[in-house]
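K.L.:
show me how the following folds:
(chains A, B and C)
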Amino acid sequence: MSFDFFVLPFFLGLLALLAMLGVRYGRWIKGMDAADKALIRDGIWSARSLGALKEVFMESLLHRKMFKRNILLGYMHMSFAFGWFMLILTGNIESRIYSKVHVNPPYYPIFLKFFVHDKRVMTFELTSVPGVFRFLMDLFLALILSGLVLAFIKRAYSNWFGLKRTTHHTLFDRMAITTLWLVFPLRLLAESFTAGQYLGGGFLTNHLGMFFARFLPVEHLSYPAWWAYSIALGIFFVTLPYSRFMHIPTEVLLIFLRHWGVKAKKEFNNVSEIEVYSCPRCGVCLDTCQVFAVKQNGTPPVYYLRSIRENKISEEVTYDCLLCGRCEAFCPVGIDNNLLRQSQRIKLMSQVDGSYGYLPAINGQAAEVAYFAGCMTHLTPQIWRAVVTLFDQAGVRYRFVDKDGTVCCGRPLMMAGNVTRARQLINHNKETIRNTACTTLVTSCPICYKIFREEYDFGIEVLHHSQYLLRLQQEDRLTLSHSGMTVVYHDPCELGRGSGVYDEPRQLLRQIATLTEGADSREEALCCGGSLGNTEISNTQRDEITVRTLNSLLVNHPEAIITACPLCKKTFAKQAEVPVMDIAEMLAGKKILRDTMFDVRFSKF
Amino acid sequence: MINFGYTINTDRQIDYDNNDRRIAAFLSEHEPTFRICISCGTCTATCSAGNFTYFNLREMIVMLKRGETRQLKEDVTKCMLCGKCQMACPRGVNTRNLILSIHRAIERFEQP
Amino acid sequence: MEAAATLAAGGLTVTVMEKTDHLGGHLADWYHLFPDRRPGREVLQLLTKRVQEGASVLLNCDVTDIERNKEGFVIHTRQHPPVEAQALLVATGFDLFEVRKKEEYGYGIYDNIITSAELEKMLSGGQPLLTTRGTVPRRVGFVHCVGSRDAKAGNLYCSRVCCITAVKQAIEIRERLPQAEVFSFYMDLRMYGMGFEELYKEAQEKWAVNFIRGRLSEAFENQDGTLMLKVEDTLTARPLRMNVDLLVLMAGMVPSAGTKEISRMLGLELEESRFIRPRDRHMSPNRTNIPGVFIAGSCTAPMSVADTIADARGAAVEIMTSPPAPLLERRGEKGVRS
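P.N.:
Modelled structure (predicted):
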């Protein structure tokens, strides 16, 4: 059997890594609840696993999402992941040509060119099987090395890669990446020096080897190079579980779990932890984070998840997040950042009951539609007035549930991590709304909309007013006329990313105005800054966030900003130079405007 | 001290020096906008809980500053954290974080 | 106008460039001025007479550009030939806060809500004060600080004159509607000037105006068209619910559009409040960061008519005592009114 002592660093490192992963993954899966374990058991042998394999191939190897973000960035990540994977795979198959036994130790294919000197010069010969393999192996190595060159360039010119800001890594991560970056040049040197002696390489290693042989003592250099290569690999393996590169195996596990239906929950569980370890610290979230844009703190997930992993969670940073979800939308691994952030808030918040005994007794009144304006809508009365006017126009039988004052839907408490008290409010509101015997619940506030759909478990249809008004129009209960205005629609975080409602408001708007888009829209829309999710940010910083979002919305010079959230409306109206209206207001148009008393009585003077 | 034959009724007075103002100090540090409240009362006027029960954020803030915290633990749990007060405040007091900080302060200083 | 008259009296050549078709800006809109409640028109007439005696007046000026040269400035307008000057006095005044922005107060949404400026016009017009239903109001409410001292309106500063105006208008309403109750909802009562505290006492004593310390959070409309107010009565620490027939919003002062425009053209530094920044609030309150450009009046800060006139005299003296050219040969210029 082929063996040399230099393989030991690699081999022992690999064994240590596999052992550590086995223990870690074993503990994670063992510690899951029974329901999740059942999902795993059912999922393993199902077709879903094939779907998972496909996603592993498309994302973990080919980095398709990264490519969509920026071609150079995608190529760079892909070259390492896909290139290395193919080196290992192809190398394993290639090694079977040369080995005399069926099962080889893992180091054999890795260090194949050390053990096997196939002296037939086959630099570009693609007609024989060994020739093809020789070519492929060098091709994949070249692929990785081209990525490595890009990685270097990225340090100085990150904006070519679509990144304004890049991750500031820990010392440990920097050590880990240094060893990783050394692995492939060392492999190149080792194989080239060997090829310089024996010409057993491919198009790259042979030529490089011949070049070195002209002025270097390759016969003395090749063995040390193999040692260096093995040591680099060994160090990389043992540091992997403690570094960002833990994401390599962990994100694969995560993909499979997702396809099997195992998800992270509100409270931090093992699946949440797996998500935390799946973060590659690529830094794409840095440019997306609007808090980071104004204060450069530890809020972006790349730093926040790291703080969870290192068990150095800051309460302040935990609450300094808008929960806008932009990081989730851009994350190539699709980590549930909002959920993870909220899970930490739940841990930090004492789950004391609220004193809600004062909430009024529930009285019922039958109606077709229950209208829940929401707390914030009472500060923007034009919104509920518009909705109510349109309901009257369409002849809707509705009950204005919170006309005299809202019992909060509970989401602000939920966002703050106070699950217990949120539940108390949820239970109260459920009873109130059930007592209306309505079939549809319409709300004007996306924050309420989200929690009604996710937590209330009514059995009643829940709609935002933009959806319901569209339905009324489609049923010919409302007639709309074009205003002749050009407007831009702002996707509220809670309605857009939070609930997946992007199209209905636009469908409705297009009938009454010419619709433009801002520079960032739909899943990429910017947060207005008003968010109830962030309790730490200062007013000045919020204002700054608002200004940036306004600039993005107004790139195509619309005459007005239309939004679907009272909080967004109030936040924008403070600083916008164009009118800001809710979509319902725009629909109701002049019907809800009134001449002021001065106009009525005295304007003749 | 000379006994003049009468005692001062201490029930109603704010005994400022002997009051425990640790919570106020904590709030002043952790939520600096605590300091800029001018007691205009807009928060209390718009409060969601205020529609149904006696919950007075303006009063709570003033009382905290004076160190009058007897009712605090019971009262502060009435807040639904809806955020209307923060939206309405003309000075920009971060009322929601104030409520959360009060909870944290109560835990820290273990008010009965 | 005061500055122009004073400068002219001092021997300088003055051209007043006025944006609208009449001099006096907002002064023409005011009914009676506090604290002694003399007619605003009277002051306007006195000022106008003095200006016409000494200065030349150009009305309807749309300033398109202000050029700098060795001599000073050349002001280009659409309507008049270019005007040359060695010094500029910017007196572009203020605009009123757009109270529609405080949506929760209901202006333009519910009936029977007016601004303080509109009330002045109604009082000047001498029309009977009736609600839109045609009834005599039995209860009138005044809301202080609308658009001032309000981070959510984008104006942190105090507009200074609204408190005393509210007290004055409360008395004026009570004079005209002896059966009506008047309520003033305030955060503070800023009676800063001579005669102000006295007027406040008169409002309480003689006219039974009610003062409630609390800032309105919302106004609603009742079925019968009256307005319901939501406010905390902070002095009793209890929420107050009250119906009124008429609500007057004390609109704050903001820098005028003309101020913004002229400042931009000249490169004048602004305060964070967007009013024009004086070189030094104590020793050079009428100078700016640009030599040769002076400021006076409410384009620098909210101020009353009396304050404005005093400030204008200060600006005139500042101009007259400035180097370099000898006094009599200098041509001074009063700036554009907005």
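
K.L.:
tell me the domain ranges of the chain?
P.N.:
With no chain named, the answer covers chain A. Domains of chain A are assigned by automatic domain parsing as A:16-248, A:264-348, A:369-471, A:479-603.

K.L.:
looking at chain C here, not the other one
P.N.:
Split by automatic domain parsing, chain C gives C:2-93+C:256-330, C:99-253.

K.L.:
returning to what we had before: and the domains of chain A as TSV, adding distance to chain B?
P.N.:
C-betas here are computed from N, CA, C, even on glycine. Putting those into TSV (distance: least, Cβ to the nearest Cβ, whole Å) gives the following:
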stretch	distance to chain B
domain A:16-248	27
domain A:264-348	8
domain A:369-471	3
domain A:479-603	4
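
K.L.:
what about residue 320, neighbour count?
P.N.:
Using chain A. Neighbours of A:D320 under the rule other Cβ atoms under 10 Å in any protein chain shown: 22.

K.L.:
right idea, wrong chain: chain C
P.N.:
By the measure other Cβ under 10 Å, the count of residues near C:M320 is 17.

K.L.:
shouldn't it be in contact with C:A8?
P.N.:
No. Using Cβ atoms under 8 Å, C:M320 is not in contact with C:A8; the gap is 10.7 Å.

K.L.:
contact partners for A:A81?
P.N.:
Applying Cβ atoms under 8 Å, 6 or more residues apart in numbering or on different chains, we find A:A81 in contact with A:60-63, A:248.

K.L.:
residue contacts, residue 198?
P.N.:
Because you didn't say which chain, this covers chain A. A:Y198 sits next to A:117, A:119 when contact means Cβ under 8 Å, 6+ apart.

K.L.:
please go with chain C instead
P.N.:
C:P35.

K.L.:
how about a cut-off of 10 Å?
P.N.:
By Cβ atoms under 10 Å, 6 or more residues apart in numbering or on different chains, the contact list for C:E198 reads C:35, C:191.

K.L.:
hang on, it in a helix?
P.N.:
Yes. C:E198: assigned to a helix according to DSSP: H, G, I helix; E, B strand; the rest coil.

K.L.:
state the distance from it to A:F3.
P.N.:
Look at C:E198 and A:F3: by Cβ to Cβ, to the nearest Å, they are 106 Å apart.

K.L.:
next one: A:R385
P.N.:
Distance from A:R385 to A:F3, counting by Cβ to Cβ: 83 Å.

K.L.:
who has more neighbours, the two?
P.N.:
Counted by other Cβ under 10 Å, A:R385 and A:F3 do not tie: A:R385 has more neighbours, with 22 against 12.

K.L.:
where does that one fall, phi/psi-wise?
P.N.:
The phi/psi pair for A:R385 (degrees, to the nearest 10) reads phi -60, psi -40.

K.L.:
neighbours around A:E544, how many?
P.N.:
Burial of A:E544 is recorded as 17 neighbouring residues (other Cβ under 10 Å).

K.L.:
list the contacts of the residue lying closest to it once chain neighbours are set aside.
P.N.:
Closest residue in space to A:E544, ignoring its immediate chain neighbours: A:V294 at 4.7 Å, by Cβ to Cβ, 6 or more residues apart in numbering or on different chains. A:V294 makes contacts with A:529, A:537-538, A:540-545, A:547-548, as judged by Cβ under 10 Å, 6+ apart.

K.L.:
name the element A:V294 belongs to?
P.N.:
Here A:V294, judged by DSSP states H and E, is contained in helix A:290-295.

K.L.:
go through that helix and flag the buried ones.
P.N.:
Using 16 or more other Cβ atoms under 10 Å in any protein chain shown as the burial criterion, the residues of helix A:290-295 that qualify are A:290-295.

K.L.:
any idea of the pLDDT on A:H117?
P.N.:
pLDDT for A:H117: 82.

K.L.:
neighbours around it, how many?
P.N.:
Residues near A:H117, counting by other Cβ under 10 Å, number 14.

K.L.:
one more: A:T127?
P.N.:
Using other Cβ under 10 Å, the number of residues around A:T127 comes to 7.

K.L.:
how near is it to A:F135?
P.N.:
11 Å.

K.L.:
looking at the contacts of A:V294, which one is closest to chain C?
P.N.:
A:D543 (8.7 Å; Cβ to the nearest Cβ).

K.L.:
how many residues are close by the nearest residue to that closest one once chain neighbours are set aside?
P.N.:
Distance criterion Cβ to Cβ, 6+ apart; nearest residue to A:D543, sequence neighbours excluded, is A:Q575 at 6.7 Å. Other residues within reach of A:Q575, judged by other Cβ under 10 Å, total 14.

K.L.:
tell me the contacts of residue 77?
P.N.:
Went with chain A since none was named. Contact partners of A:H77, counting by Cβ under 10 Å, 6+ apart, are A:60-63, A:65-67, A:147, A:150-151, A:161, A:280, A:282, A:332.

K.L.:
hm, I was asking about chain C
P.N.:
Residues in contact with C:T77 (Cβ under 10 Å, 6+ apart) are C:17, C:19, C:58, C:60-65, C:83, C:336.

K.L.:
what is the burial count for the residue lying closest to A:D491 once chain neighbours are set aside?
P.N.:
Nearest residue to A:D491 in three dimensions, chain neighbours excluded: A:A525, at 3.8 Å (Cβ to Cβ, 6+ apart). For A:A525, the count of nearby residues is 27 (other Cβ under 10 Å).

K.L.:
before we move on, the earlier item: would you mind giving the contacts of A:A81 as JSON lines with pLDDT, distance to chain C and neighbour count added?
P.N.:
Listed next are the contacts of A:A81 as JSON lines, based on pLDDT from 0 to 100; distance: Cβ to the nearest Cβ, whole Å; neighbours: other Cβ atoms under 10 Å in any protein chain shown:
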{"residue": "A:S60", "pLDDT": "92", "distance to chain C": "48", "neighbour count": "24"}
{"residue": "A:L61", "pLDDT": "93", "distance to chain C": "51", "neighbour count": "18"}
{"residue": "A:L62", "pLDDT": "93", "distance to chain C": "49", "neighbour count": "17"}
{"residue": "A:H63", "pLDDT": "93", "distance to chain C": "45", "neighbour count": "23"}
{"residue": "A:I248", "pLDDT": "94", "distance to chain C": "49", "neighbour count": "16"}
